[in-house]
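In: kindly generate the corresponding structure for this input.
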Amino acid sequence: MKSPRDLALILLNRLSDRPRPLRSHFQELLGQNPQLDERDVAFLVQLVQGVLRWRVRLDWVIQQSADFPKRRISPRVLNILRLALYQVLFLDRVPESAAVNEAVKQAKSRGGAPYLVSFVNGILRNICRNKDSISFPDPSGDRTGYLSVTYSYPRWLVKKWLGEWGDSFAEALLDAQNRVPALCVRANQLRVGREEFLECLKEEGVVGEPGKYAPEAVTLKEFRGRVDKLACFGNGLFQVQDQAAQITSHLLGPNPGETLLDLCAGFGGKTTHLAQIMGDRGRVLALDISRARLISLESNRRRLGIKSIFSVQADARIPRYSFSGSSFDRIMVDAPCSGLGVLARHPDGKWNREEKDIGRLADLQEEIVRGAAPLLKPGGRMLYVTCTISREENDGIVERCLRRQKGLRLLDLRDHGPQWAQDLVDEQGFFRTFPNVHGTDGFFAALFEKGN
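Out: Numbers count the residues shown, from 1 in each chain. Predicted coordinates for the structure are as follows:
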């Protein structure tokens with residue numbers, strides 16, 4: 001049976017060979033290794049996410065001890081070094097000797113030549129001896145480079161955030177998105193109130209705390225297991241969802257009996273919440289281009305006991321072809337985005353995006369809003385939502401839509417959002433959250449209304 005360290009190395013190598021969302025790689029690997037217990041799975045996740053979270057810093061330290069450029073180290077050997085070094089530098093409970101010895105074993109077991117095994121052993125032992133004297137870029141000479149290495153982000157992203165948010169805010173944001181976030185869930189109030197749900201968790205030995213903002217939110221701060229193993233999950237009492245995402249459904253404010261369209265519905269977090277807010281009375285059309293995501297959405301719908309959701313597989317850029325002659329009271333545009341507000345939960349997102357992707361995504365987002373607007377009833381409302389903090393994908397899209405899309409007007413969420421969410425609305429009337437300020441994912445939302 002493979003150890004969590006060996007499986008972590010396999011997963012890191014697969015990411016090097018086939019860049020795609022970490023979630024899909026995890027699901028594939030766990031399906032191939034059903035014998036893993038919860039502790040092994042937790043350690044595996046910690047190792048992989050830790051290496052991805054701190055990759056730039058780990059590579060910097062490796063380069064300081066190597067006699068030749070990092071590019072000459074093969075990806076597989078580099079992943080062995082990263083994996084061991086993450087344990088040495090960030091995991092206090094793992095003895096350095098155990099991390100180094102396992103790395104040497106991995107180098108040997110993968111057919112490494114004697115000089116490679118010796119290289120792995122020498123690099124790691126040298127770092128262990130000198131880890132308290134590791135040097136980093138000079139913050140006064142190369143501020144971008146210093147922040148990039150210290151907090152482990154690509155240079156382009158550090159430079160972008162410095163330009164958009166200023167030095168101190170950007171550094172706080174970099175730091176906050178390196179912290180492992182607490183698990184947040186949403187009580188399914190079609191079946192249980194939040195206080196009753198907290199008691200149900202307590203009966204299973206899980207401590208939950210009411211969320212600071214969203215009325216259904218519960219934070220599981222010390223929970224380390226798998227939520228799908230809890231009885232209250234199987235009984236449909238909750239859905240995993242961050243507070244920022246929960247709040248957006250309240251911003252759209254659906255009413256019982258209305259007809260809603262959820263574009264880019266994904267796995268159904270917001271879809272099921274919209275139906276919940278409506279008391280499961282009305283119709284929620286969930287559109288997504290991915291059949292696999294809609295299958296997961298359908299599974300969540302059944303588990304939560306919701307009957308008002310209907311799934312449609314289609315392209316969100318041209319929804320009129322699926323709903324010809326239809327119109328909706330409210331539309332949720334949960335736009336595909338760079339995901340720069342959820343890097344704490346998805347550290348692989350640091351490496352799955354490039355600066356050039358921002359403009360491409362902004363064009364796609366505008367196209368989706370343009371396709372959705374004609375389906376809105378006169379007087380109907382549309383909420384544009386992203387889980388990013390990129391201005392081009394947020395403020396920029398609002399400006400483009402108001403300039404190019406006739407019949408839409410922007411509503412100020414200070415006047416049209418719930419009172420309990422007012423602290424999260426800025427002076428422009430946009431909903432905007434930051435991990436370093438609010439302790440939530442980084443989200444943006446703007447509310448539009450169609451003229452009569």
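In: what comes up buried for the helix or strand bottoming out on mean pLDDT in the chain?
Out: None of the helices or strands of the chain scores lower by mean pLDDT, DSSP states H and E than helix 22-32, at a mean of 78. Within helix 22-32, the residues that count as buried by 16 or more other C-beta atoms under 10 Å are 22, 25-26, 29. Where C-beta positions appear, they are placed from N, C-alpha and C, glycine not excepted.
In: distance to Leu116 added to the residues you listed, as CSV?
Out: As requested, the buried residues of helix 22-32 are exported to CSV (distance: C-beta to C-beta, whole Å):
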residue, distance to Leu116
Leu22, 27
His25, 25
Phe26, 28
Leu29, 25
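In: wait, Gly211 sits on Leu220?
Out: No. Gly211 is beyond contact range of Leu220, at 10.7 Å (criterion: C-beta atoms under 8 Å).
In: list residues touching both of those two?
Out: Cys184 (C-beta atoms under 8 Å, 6 or more residues apart in numbering).
In: related to what we said a few turns ago, nearest to Asp59, of the buried residues of helix 22-32?
Out: Set against Asp59, the nearest of those by C-beta to C-beta is Leu22 (18.5 Å).
In: residues contacting the closest one?
Out: 15, 48-49, 52, 346, 348 are the contacts of Leu22 under C-beta under 8 Å, 6+ apart.
In: same check, this time on Val45
Out: Phe26.
In: right, and the helix or strand after the helix or strand where it lies?
Out: Assigned by DSSP states H and E, Val45 falls within helix 38-53. Going down the chain from helix 38-53, the next helix or strand is helix 55-65, by DSSP H and E.
In: run the chain-centre distance for the helix or strand that comes right after that next one.
Out: Sequence order places helix 75-90 as the next helix or strand after helix 55-65, per DSSP H and E. Remark: helix 75-90 is offset 24 Å from the chain centroid, using C-alpha atoms, centre = their mean, to the nearest Å.
In: same thing with stretch 337-345?
Out: Between the centre of stretch 337-345 and the centre of its chain there are 5 Å (C-alpha atoms, centre = their mean).
In: where along the stretch 51-200 of the chain do the strands fall?
Out: Remark: strands assigned in the stretch 51-200 of the chain by DSSP state E, counting those that start in this stretch are 183-187.
In: so, low pLDDT: which residues of it?
Out: 110-112 (pLDDT under 70).
In: please give the element, helix or strand, for Leu274.
Out: Per DSSP H and E: Leu274 is located in helix 269-277.
In: could you check the angle strand 183-187 makes with that helix?
Out: 30 degrees (axes from the mean of the first three to the mean of the last three C-alpha atoms, to 10 degrees).
In: ok so, going back, got a winner among the contacts of Leu22 for most neighbours?
Out: Val48 (26 neighbours; other C-beta atoms under 10 Å).
In: who are the contact partners of Ala373?
Out: Ala373 neighbours (C-beta under 8 Å, 6+ apart): 382, 401, 405, 407-408, 448, 450.
In: sorry, back to before: got the CA positions of the helix holding Leu274 in PDB?
Out: Extracted C-alpha coordinates of helix 269-277, given in PDB (Å, rounded to 0.1, in the frame of the first residue of the first chain):
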ATOM      1  CA  GLY A 269     -24.000  25.700  -4.200                       C
ATOM      2  CA  LYS A 270     -25.800  28.900  -5.100                       C
ATOM      3  CA  THR A 271     -28.600  27.100  -7.100                       C
ATOM      4  CA  THR A 272     -29.700  25.100  -4.000                       C
ATOM      5  CA  HIS A 273     -29.400  28.200  -1.800                       C
ATOM      6  CA  LEU A 274     -31.600  30.200  -4.100                       C
ATOM      7  CA  ALA A 275     -34.200  27.500  -4.000                       C
ATOM      8  CA  GLN A 276     -33.900  27.400  -0.200                       C
ATOM      9  CA  ILE A 277     -34.400  31.100   0.100                       C
END
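In: packing partners of it?
Out: In terms of contacts (3 or more C-beta pairs under 8 Å, 6 or more residues apart in numbering; DSSP states H and E), helix 269-277 is packed against strand 238-240, helix 243-252, strand 259-263, strand 283-288, helix 291-304, strand 309-313, strand 328-334.
In: let me have those in a markdown table, adding mean pLDDT as columns.
Out: Converted to a markdown table, those look like this (pLDDT from 0 to 100):
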| stretch | mean pLDDT |
| --- | --- |
| strand 238-240 | 97 |
| helix 243-252 | 97 |
| strand 259-263 | 97 |
| strand 283-288 | 96 |
| helix 291-304 | 96 |
| strand 309-313 | 95 |
| strand 328-334 | 97 |
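In: how about a markdown table for the ones you listed, with mean neighbour count and distance to Glu96 added?
Out: Shown next, in a markdown table, are the helices and strands packed on helix 269-277 (neighbours: other C-beta atoms under 10 Å; distance: least, C-beta to C-beta, whole Å):
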| stretch | mean neighbour count | distance to Glu96 |
| --- | --- | --- |
| strand 238-240 | 22 | 35 |
| helix 243-252 | 25 | 38 |
| strand 259-263 | 26 | 50 |
| strand 283-288 | 24 | 46 |
| helix 291-304 | 16 | 41 |
| strand 309-313 | 17 | 51 |
| strand 328-334 | 25 | 45 |
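In: dump the ones you listed to JSON lines, plus distance to Val227.
Out: JSON lines is the format used below for those (distance: least, C-beta to C-beta, whole Å):
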{"stretch": "strand 238-240", "distance to Val227": "6"}
{"stretch": "helix 243-252", "distance to Val227": "16"}
{"stretch": "strand 259-263", "distance to Val227": "23"}
{"stretch": "strand 283-288", "distance to Val227": "22"}
{"stretch": "helix 291-304", "distance to Val227": "12"}
{"stretch": "strand 309-313", "distance to Val227": "21"}
{"stretch": "strand 328-334", "distance to Val227": "22"}
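In: out of those, which is closest to Pro418?
Out: helix 243-252 (5.2 Å).
In: residues making contact with that closest one?
Out: Contacts of helix 243-252 (C-beta under 8 Å, 6+ apart): 184, 186, 211-217, 260, 269-270, 273-274, 277, 330, 332, 334, 341, 381, 383, 385, 387, 413, 417-418, 421, 424, 431, 433, 438, 440-443, 445, 447.
In: returning to what we had before: kindly reformat the contacts of Ala373 as CSV containing distance to Arg72.
Out: Output for those, formatted as CSV (distance: C-beta to C-beta, whole Å):
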residue, distance to Arg72
Met382, 52
Cys401, 49
Gln405, 52
Gly407, 59
Leu408, 54
Phe448, 53
Lys450, 59
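In: cool, thanks, talk later.
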